[in-house]
Structure formats: structure tokens, C-alpha cells
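Participant: okay, sequence plus prediction incoming.
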Amino acid sequence: MKGKFRIKLHDRSIVVYDNFEDIPDNIYKVLSFIPDFPPSPHSEDDHKLIETFDSKLHELAGRQTDE
């Protein structure tokens, strides 16, 4: 999934990822989550993609650890 995802890593560096799949499994904090929305008008497939955004954010939040 493409977008702009600002992540703070455990070394306290801030990295901006443009592909959700590139974000490490273990992160310190999610700073911003801005997925790319498909252009309008939206097809059924576009709507299915948009409906995944919330679960992807929750998945990313689940990767946050203090260690």
C-alpha cells in the first residue's frame, strides 16, 4: 500500500516510508499515517482498498513497542 507513513524507530530516528510493506515489524511510534486514496470516481476494488486503511493503521499500531 502506497502513502506517506512517518515512523519513529527505536534509535529515535524518524523515517518516512512511501510503501507500507517497507515498514519494519518492530517500531517505536507511528507519527503519521496517510495512505494514498485512489482517484475518483472509485471502483468496487478502490472501495475495498479504502476499507483496509483502518485495519492497516491498527496493524501498524500493534507493531509499536518500548523496546
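Facilitator: That came through, no problem. Numbers count the residues shown, from 1 in each chain.
Participant: relative to the whole chain's centre, how far out is the helix ranked longest in the chain?
Facilitator: When every helix of the chain is counted residue by residue (DSSP state H), the longest turns out to be helix 53-62. Helix 53-62 sits 7 Å away from the centroid of its parent chain (C-alpha atoms, centre = their mean, to the nearest Å).
Participant: now swap in stretch 11-27 and tell me
Facilitator: When distances are taken as C-alpha atoms, centre = their mean, stretch 11-27 is centred 9 Å away from the chain's centroid.
Participant: measure the residue lying closest to F53 once chain neighbours are set aside to I7 for me?
Facilitator: Nearest residue to F53 in three dimensions, chain neighbours excluded: P35, at 5.1 Å (C-beta to C-beta, 6 or more residues apart in numbering). To be clear about C-beta, it is placed using only N, CA and C from the backbone, and glycine gets the same treatment. P35 sits 14 Å away from I7, going by C-beta to C-beta, to the nearest Å.
Participant: go on, P24?
Facilitator: 8 Å.
Participant: can you check D46 too?
Facilitator: Using C-beta to C-beta, D46 is found at 26 Å from I7.
Participant: looking at the two, which is more packed in?
Facilitator: Looking at D46 and I7 with other C-beta atoms under 10 Å, you find the greater number of neighbours at I7, namely 22 against 14.
Participant: fine, thanks again, bye for now.
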